[in-house]
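K.L.:
Based on what follows, work out the 3D shape:
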Amino acid sequence: QKYIVDICYRPFILQHMRKLLGSWKSDLSVNIRRIFESKSTKTERTHLFAKLKPSDVNLEEWVEFVREHMSDKWQ
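P.N.:
Take a look at the predicted model:
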């Protein structure tokens, strides 16, 4: 979908979108870390990770994303 935005509003809109995306990614990372550090079984964790997966992301990408966020390098 294409949106037509007046040039004077564009910087504000892009800044706001960047802020929302950063906030969403941060919340997602925190939720992944909480699930990983919880005392749940591997099956329960897998189920909880699957609940967090966005609908437009394929499973292989999601597994790699979660694996990366659970690594010590990410902290």
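K.L.:
Need the pLDDT of residue 16.
P.N.:
pLDDT recorded at residue 16 is 96.
K.L.:
That one and residue 5, how far apart?
P.N.:
As for residue 16, its distance to residue 5 is 12 Å (criterion: C-beta to C-beta, to the nearest Å). Just so you know, the C-beta spots here come from the backbone N, C-alpha and C atoms, and that holds for glycine as well.
K.L.:
One more: residue 32?
P.N.:
33 Å.
K.L.:
what about those two, which has more around it?
P.N.:
More crowded of residue 32 and residue 5, by other C-beta atoms under 10 Å: residue 32, with 21 against 10.
K.L.:
wait, doesn't the more buried one sit right on residue 50?
P.N.:
No: when contacts are counted by C-beta atoms under 8 Å, residue 32 is not listed as touching residue 50 (11.9 Å).
K.L.:
so where is this structure shaky, pLDDT-wise?
P.N.:
Counting by pLDDT under 70, the ranges of the chain that qualify are 74-75.
K.L.:
all helices for it, in order.
P.N.:
Here the chain has its helices, by DSSP state H, at 10-37, 42-52, 59-70.
K.L.:
Let's have these in a markdown table, adding distance to residue 1.
P.N.:
Shown next, in a markdown table, are these (distance: least, C-beta to C-beta, whole Å):
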| stretch | distance to residue 1 |
| --- | --- |
| helix 10-37 | 14 |
| helix 42-52 | 25 |
| helix 59-70 | 23 |
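K.L.:
can I assume residue 53 is in contact with residue 62?
P.N.:
Yes: the pair residue 53 / residue 62 is scored as a contact, 4.7 Å apart, by C-beta under 8 Å.
K.L.:
OK, contacts around residue 61?
P.N.:
The contact partners of residue 61, taken as C-beta atoms under 8 Å, 6 or more residues apart in numbering, number zero.
K.L.:
Ignore what I typed, I meant residue 56.
P.N.:
Contacts for residue 56 (C-beta under 8 Å, 6+ apart) come out as none.
K.L.:
What's the separation between it and residue 33?
P.N.:
Counting by C-beta to C-beta - residue 56 and residue 33 are separated by 23 Å.
K.L.:
Also residue 39?
P.N.:
Counting by C-beta to C-beta, the gap from residue 39 to residue 33 is 14 Å.
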